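**Q** what follows is a predicted structure for the sequence shown.
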Amino acid sequence: MVDASKTREVNGRKMPVIYTCFPEGKHKVLTCSYDDGKLEDRQLVAMFNEYGLKGTFNVNSGLIDDERIPLSEYKELYKGHEVACHTALHPTIARCASEHIVQEIIEDRRTLEKTLGYTVRGLAYPNGSVDDRIVDLLPACGIRHARTVNSTAGFGMPDNFLRWNPTCHHNHDLLGLGATFKDMHKTQYLYMMYVWGHSYEFSRDNNWDKMEEFCKMIGGQEDIWYATNIEIVDYMEAASRMQFAASGEFVFNPSAQTVWLEVDKKKVSCPGGQITEL
């Protein structure tokens, strides 16, 4: 097999090897996703903030009780993280009519956007309930990513952000998978670790210490990008819009967001709206 990284000429012309990178030229990304907006989110957010992790918090704006974070706290508590939909009332939506599903998502979005002051574009499927009909409805509801509960124990990028399978639930070999992810070093690949769960489970299972051990181990790594779900989606969409010259000598970035590349093992920043020489 020919190693593409060592191939420098094609038909007598130098041909660069160009890879898409995460911000700052990184090749690994860590993201977390937690559901239901229970009071324990306060402790989990504080832990993420301490160690530099980012989370997407999927909440039900129509469920109000003493066990849940009040809407009035959302904007300040989840600052720096992402708030996403989990439907207004948390039904098992595969059993619902399409009209009901749309209403559940749109009403959740309306309430959350009024509370937060930004566009809400993510979803975690309530009770893990998803089928092709539901996935097909999401773009018209303004949803750009949606998480399942089907853990892969892998670190690949998703084929479809609307069927986004996580790496693991935090009760399923979190520390072992985290150690494996931390040690991954082959920069010709993009790796993602995606952890999901419910913050109240830490209190129920008396294992907050395990999550803190994970955060302490995985936080502060120079080769890891710590991102919310929507930050990953937006960045990869910007990367997909890059317009490369046929020669590979330059690229135009039509997006506002800076995109990073690796060109013959050199990290290159490509600012939005500009042509970058490669």
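**A** Right, received. Where do you want to start? Residues are numbered from 1 along each chain as shown.

**Q** quick one, helices of the stretch 1-150 of the chain?
**A** Listed in chain order, the helices found in the stretch 1-150 of the chain under DSSP state H, counting those that start in this stretch are 41-51, 71-77, 98-116, 132-137.

**Q** export those helices as TSV, with columns for distance to Pro16 and mean pLDDT.
**A** The C-beta positions use only the backbone N, C-alpha and C, and glycine is treated the same way. Conversion of these to TSV gives the following (distance: least, Cβ to Cβ, whole Å; pLDDT from 0 to 100):
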stretch	distance to Pro16	mean pLDDT
helix 41-51	37	98
helix 71-77	45	97
helix 98-116	42	98
helix 132-137	37	98
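
**Q** among those helices, which comes closest to Lys28?
**A** Counting by Cβ to Cβ, Lys28 lies closest to helix 41-51 out of those; the figure is 15.8 Å.

**Q** so for the closest one, what gets flagged as buried?
**A** Within helix 41-51, the residues that count as buried by 16 or more other Cβ atoms under 10 Å are Asp41, Leu44, Val45, Met47, Phe48, Tyr51.

**Q** what's the local residue count around Trp260?
**A** 19 (other Cβ atoms under 10 Å).

**Q** repeat for Ser203
**A** Neighbour tally, Ser203, other Cβ under 10 Å: 14.

**Q** who's in contact with it?
**A** The contact partners of Ser203, by Cβ atoms under 8 Å, 6 or more residues apart in numbering, come to Glu40.

**Q** got phi/psi on it?
**A** phi -70, psi -40 (degrees, to the nearest 10).

**Q** same thing with Ser129?
**A** In terms of degrees, to the nearest 10, the main-chain angles of Ser129 are phi -80, psi 120.

**Q** in the protein, which helix or strand is least confident?
**A** Taking mean pLDDT, DSSP states H and E as the measure, the helix or strand of the chain with the lowest value is strand 9-10, at a mean of 60.

**Q** low-confidence regions, this protein specifically.
**A** Where the chain drops to pLDDT under 70, the residues are 1-13.

**Q** ok, which of the helices of the stretch 1-150 of the chain comes nearest Ile64?
**A** Of all the helices of the stretch 1-150 of the chain, helix 71-77 comes closest under Cβ to Cβ, at 7.7 Å.

**Q** buried sites along that closest one?
**A** Neighbour count says helix 71-77 has Leu71, Tyr74, Leu77 buried, by 16+ other Cβ under 10 Å.

**Q** my guess is the last one contacts Arg68. True?
**A** It stands for Leu77. No. The criterion here is Cβ atoms under 8 Å, and Leu77 misses it with Arg68 at 11.9 Å.

**Q** circling back: which one of the buried residues of helix 71-77 is nearest Phe22?
**A** The nearest member of these to Phe22, counting by Cβ to Cβ, is Leu77 at 26.6 Å.
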